[in-house]
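Visitor: Please find the sequence and the predicted model below.
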Amino acid sequence: MNSSQSAGATLVVSGDGRYFSKDAIQIIVKMAAANGVRRVWIGQDGLLSTPAVSCVIRERVGADGSKATGAFILTASHNPGGPNEDFGIKYNMENGGPAPEAITDKIYEHTKSIKEYLIAEDLPDVDIATIGVTSFSGPEGSFDVEVFDSTVDYIRLMKTIFDFTSIQKLLASPKFIFCYDALHGVAGIYARRIFVEELGAKESSLLNCMPKEDFGGGHPDPNLTYAKELVIRMGLDKSKPQDDPPEFGAAADGDADRNMILGKRFFVTPSDSVAIIAANAVQAIPYFSSGLKGVARSMPTSAALDVVAKNLNLNFFEVPTGWKFFGNLMDAGLCSICGEESFGTGSDHIREKDGIWAVLAWLSILACKNKDNLNGENLVTVEDIVGQHWATYGRHFYTRYDYENVDASGAKELMGYLVKLQSSLAEINKIIKGIRSDVSDVVHADEFEYKDPVDGSISKHQGIRYLFADGSRLVFRLSGTGSEGATIRLYIEQYEKDSSKTARDSQEALAPLVEVALKLSNMQEFTGRSAPTVIT
Ligand SMILES: O=P(O)(O)OC[C@H]1O[C@H](O)[C@H](O)[C@@H](O)[C@@H]1O
């Protein structure tokens with residue numbers, strides 16, 4: 001559950017796509033009423049996507065002039081004039097983004113001193129299905145609950161970024177079949193309004209676009225493992241070949257902030273996706289027509305974006321995993337486009353990753369490349385665009401191995417072992433040559449540490465890196481989001497500049513490095529696992 005508070009002023013309540021529970025929304029409204037909040041905004045039916053929350057917090061001003069300056073926590077044990085008085089204001093996330101570590105740490109400390117909470121139990125449940133304002137009056141003054149259609153705010157913002165007319169023309173081409181899978185998350189509501197009603201896609205383009213509290217029994221993760229129906233429809237499941245899959249397919253996660261981009265029988269890695277968007281943004285997306293302020297990626301994301309930044313002479317930043325690090329750069333005007341290997345892509349229009357934005361960005365690139373070609377023989381396809389990109393910038397073969405729910409002490413020992421190994425490059429290279437003689441030398445090994453160029457804060461222990469002479473990398477990290485035991489993520493990347501070799505099968509190209517990574521780390525010995533849980 002996301003909640004946003006400016007004490008004494010406004011609160012945006014949204015069901016995070018992953019956990020949207022209507023009962024929880026009613027509880028938060030009752031707590032807000034008892035804790036000095038004056039106005040609550042609720043997305044109709046609780047269906048606020050994470051990007052829409054960020055957009056609402058940044059843009060929305062109520063009829064009474066109150067602004068949805070968002071924070072994220074209800075101050076239980078509210079004590080006017082007392083020590084917690086400034087809590088909501090001090091920790092407000094006015095930029096609409098996720099909270100930085102310094103703030104979440106302080107919130108955690110604060111939770112340890114909470115002794116009671118206030119709740120207006122007598123307040124009747126609000127009707128969150130109907131758009132409109134309900135006003136209540138209480139001893140502390142009036143309390144308004146406004147239910148609004150968040151797609152209106154979001155579409156207004158998207159229209160200031162993209163050229164909807166050129167995307168409409170692309171979608172009107174009989175040769176361009178489009179498919180969008182919301183995996184029964186909140187994106188479905190936005191997809192119908194934007195792709196079908198605004199841009200003219202056919203209703204049949206939408207898969208699983210009815211939000212369901214249980215996601216229809218599926219797992220709303222936009223990747224090749226969980227977006228099964230889309231993967232089949234796009235012709236990517238070899239056991240279920242399709243005659244003529246759509247030209248373009250995309251999926252969203254439960255709260256619509258992440259995305260997967262597919263072409264006909266073709267998968268675009270998230271690392272390539274952000275690099276390709278950055279390389280084409282100025283030509284294809286009106287919002288960026290005067291140039292990019294800079295680009296950024298998370299450390300484990302492949303270096304495809306680095307090559308684009310170097311070629312186009314753009315400011316470039318490598319930050320730890322977590323969107324909050326991009327927010328600081330954007331607030332300082334240093335970064336326009338950013339992305340993560342974990343299927344998050346976005347820009348400085350908000351301070352969150354944005355799954356629908358990413359799809360509109362790809363549709364804009366396709367519309368731009370095909371603008372004089374819509375009646376021609378063949379459209380420029382997603383695969384053509386990626387192939388041209390590799391020919392220009394080289395290809396970063398990339399894969400991620402996840403070992404989920406590993407015994408936490410084994411995972412810690414593995415990380416400790418890898419750090420210790422880093423004390424001697426000669427030793428590392430001796431071990432590696434004993435495993436495979438056909439990989440290049442490790443030239444640098446470290447634990448990634450980041451100094452935020454804006455506020456000077458330092459984030460340590462952000463993943464263990466082995467960097468090779470030919471631009472290849474091995475990265476080991478412990479996930480910050482796994483829910484049981486520990487999740488080890490192993491990222492394997494190999495750079496290929498020779499355009500005659502960029503079309504190779506990815507798993508085949510990466511096989512030598514995979515072998516090195518598993519043997520160098522003693523993965524099986526430390527985890528007891530002979531294979532990863534998920535390969536992306
Ligand atoms: O790799 P993990 O630590 O599990 O994190 C995976 C992802 O989790 C969240 O979605 C964060 O917002 C992302 O920034 C991060 O990339």
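Guide: Here it is on my side, so go on.

Visitor: quick one: contacts for the residue in the stretch 1-150 of the chain positioned nearest to the ligand?
Guide: Of all residues in the stretch 1-150 of the chain, Pro98 sits closest to the ligand, at 6.4 Å by Cβ to the nearest ligand atom. C-beta coordinates here come from the backbone N, C-alpha and C atoms, glycine included. Pro98 makes contacts with 322-324, 327, 351-352, as judged by Cβ atoms under 8 Å, 6 or more residues apart in numbering.

Visitor: Whatever residue of the stretch 301-450 of the chain ends up closest to the ligand: how many residues sit nearby?
Guide: The nearest approach of the stretch 301-450 of the chain to the ligand comes at Ser342, 3.7 Å away (Cβ to the nearest ligand atom). The number of residues packed near Ser342 is 22, by other Cβ atoms under 10 Å.

Visitor: before we move on, back to that, which of the contacts of Pro98 fall in helices?
Guide: Those of the contacts of Pro98 mapping onto helices are 324, 327, per DSSP state H.

Visitor: What about the contacts of Pro98, which one has the most neighbours?
Guide: For these, neighbours tallied by other Cβ under 10 Å; top is Glu352, 28 neighbours.

Visitor: That one and Ser54 touch, don't they?
Guide: Yes: if you go by Cβ atoms under 8 Å, Glu352 and Ser54 touch, sitting 4.2 Å apart.

Visitor: where does the protein have low pLDDT?
Guide: Along the chain, the parts satisfying pLDDT under 70 run over 1-20, 61-94, 139-140.

Visitor: Domain ranges for it, per the record?
Guide: Residue ranges for the domains of the chain, per automatic domain parsing: 2-148, 152-290+355-389, 395-535.

Visitor: Tell me which of the ones you listed is the most buried.
Guide: Scoring the domains of the chain by mean neighbour count under mean count of other Cβ atoms under 10 Å gives domain 152-290+355-389 as the most buried, with a mean of 20.

Visitor: Around the ligand, pick out the residues from the protein.
Guide: Proximity of the chain to the ligand, by Cβ under 6 Å from any ligand atom, involves residues 321-323, 340, 342, 344, 479-481, 489.

Visitor: Farthest-apart pair in those residues, please.
Guide: Farthest apart among these by Cβ to Cβ are Trp323 and Arg489. That separation is 16.8 Å.

Visitor: re earlier: would you list the domains of the chain in a markdown table and tack on distance to Asn315?
Guide: Formatted as a markdown table, the domains of the chain follow (distance: least, Cβ to Cβ, whole Å):
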| stretch | distance to Asn315 |
| --- | --- |
| domain 2-148 | 19 |
| domain 152-290+355-389 | 11 |
| domain 395-535 | 10 |
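
Visitor: Please name the nearest non-neighbouring residue to Asn375.
Guide: Ser173 (7.8 Å; Cβ to Cβ, 6 or more residues apart in numbering).

Visitor: My read is that the one you found contacts Lys371, right?
Guide: No: contact criterion Cβ under 8 Å: Ser173 and Lys371 do not qualify, at 10.9 Å.

Visitor: Does the residue nearest to Gln422 when sequence neighbours are not counted lie in a helix or a strand, and which?
Guide: Nearest non-adjacent residue to Gln422, counting by Cβ to Cβ, 6+ apart: Ala445, 4.1 Å away. Following DSSP states H and E, one finds Ala445 within strand 442-447.

Visitor: Please name the residues that touch the residue nearest the centre of the chain.
Guide: Closest to where the C-alpha atoms of the chain average out (Cα atoms, centre = their mean) is Gly344, at 2.6 Å. Taking Cβ under 8 Å, 6+ apart, we find Gly344 in contact with 257-259, 270, 323, 353.

Visitor: What segments of the stretch 351-500 of the chain are strands?
Guide: 395-406, 442-447, 450-451, 458-459, 464-468, 473-478, 486-496 (DSSP state E, counting those that start in this stretch).

Visitor: Now the first one - C-alpha only, PDB.
Guide: Which is strand 395-406. Extracted in PDB, the C-alpha atoms of strand 395-406 (Å, rounded to 0.1, in the frame of the first residue of the first chain):
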ATOM      1  CA  ARG A 395      26.100  -5.700 -28.800                       C
ATOM      2  CA  HIS A 396      26.200  -6.500 -25.100                       C
ATOM      3  CA  PHE A 397      25.200 -10.100 -24.800                       C
ATOM      4  CA  TYR A 398      23.500 -10.300 -21.400                       C
ATOM      5  CA  THR A 399      21.900 -12.800 -19.000                       C
ATOM      6  CA  ARG A 400      20.900 -12.800 -15.300                       C
ATOM      7  CA  TYR A 401      20.800 -15.900 -13.100                       C
ATOM      8  CA  ASP A 402      18.700 -15.600 -10.000                       C
ATOM      9  CA  TYR A 403      19.200 -18.000  -7.000                       C
ATOM     10  CA  GLU A 404      16.100 -17.400  -5.000                       C
ATOM     11  CA  ASN A 405      15.400 -18.300  -1.300                       C
ATOM     12  CA  VAL A 406      19.000 -19.400  -0.800                       C
END
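
Visitor: list the helices and strands it packs on?
Guide: Packing partners of strand 395-406 (3 or more Cβ pairs under 8 Å, 6 or more residues apart in numbering; DSSP states H and E): helix 270-284, strand 486-496, helix 506-521, helix 523-527, strand 534-535.

Visitor: Switch those over to CSV, and while doing so, append distance to Glu383 to every line.
Guide: What follows is the helices and strands packed on strand 395-406, written out as CSV (distance: least, Cβ to Cβ, whole Å):
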stretch, distance to Glu383
helix 270-284, 12
strand 486-496, 17
helix 506-521, 14
helix 523-527, 33
strand 534-535, 22
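
Visitor: Locate the nearest residue to Asp354 once chain neighbours are set aside within the secondary structure: which element?
Guide: Closest residue to Asp354 apart from its sequence neighbours, by Cβ to Cβ, 6+ apart: Pro51 at 4.0 Å. In this structure, Pro51 sits in helix 50-59 according to DSSP H and E.

Visitor: Also Thr134?
Guide: Counting by DSSP H and E, the element that carries Thr134 is strand 132-138.

Visitor: I'd like the distance from the next helix or strand after that strand to the chain centre, please.
Guide: Toward the C-terminus, strand 132-138 is succeeded by strand 141-148 as the next helix or strand (DSSP H and E). Put simply, strand 141-148 sits 31 Å off its chain's centre (Cα atoms, centre = their mean, to the nearest Å).

Visitor: Tell me the first helix or strand C-terminal of strand 141-148.
Guide: Beyond strand 141-148 in the direction of the C-terminus, DSSP H and E gives the next helix or strand as helix 150-161.

Visitor: what's the helix or strand following that following helix in contact with?
Guide: Following helix 150-161 in sequence order, the next helix or strand is helix 164-172 (DSSP H and E). Contacts with helix 164-172, where a contact means Cβ under 8 Å, 6+ apart, come from 158, 176, 178, 195, 198-201, 360, 363-364, 366-368, 370-371, 374.

Visitor: Show me the residues you listed that map onto helices.
Guide: Here DSSP H is the test, and the contacts of helix 164-172 give 158, 360, 363-364, 366-368 as lying in helices.

Visitor: which of those lies closest to Lys112?
Guide: Lowest distance from Lys112 to the ones in helices among the contacts of helix 164-172 (Cβ to Cβ) belongs to Met158, with 41.5 Å.

Visitor: Contact partners for the closest one?
Guide: Neighbour list for Met158: 164, 194, 356-357, 360 [criterion: Cβ under 8 Å, 6+ apart].

Visitor: How about Ser239?
Guide: Listed by Cβ under 8 Å, 6+ apart, the contact set of Ser239 is empty.

Visitor: which other residues reach stretch 389-397?
Guide: With Cβ under 8 Å, 6+ apart as the test, stretch 389-397 has contacts from 271-272, 275-276, 279, 302-304, 307-308, 311, 493-497, 499, 502-504, 506, 509-510.

Visitor: Let's see that with 7 Å instead.
Guide: Stretch 389-397 is contacted from outside by 271, 276, 279, 302-304, 307-308, 311, 493-497, 499, 502, 506, 509-510, using Cβ atoms under 7 Å, 6 or more residues apart in numbering.

Visitor: so how far is it off the chain centroid?
Guide: Relative to its chain's centre, stretch 389-397 lies at 23 Å (Cα atoms, centre = their mean).
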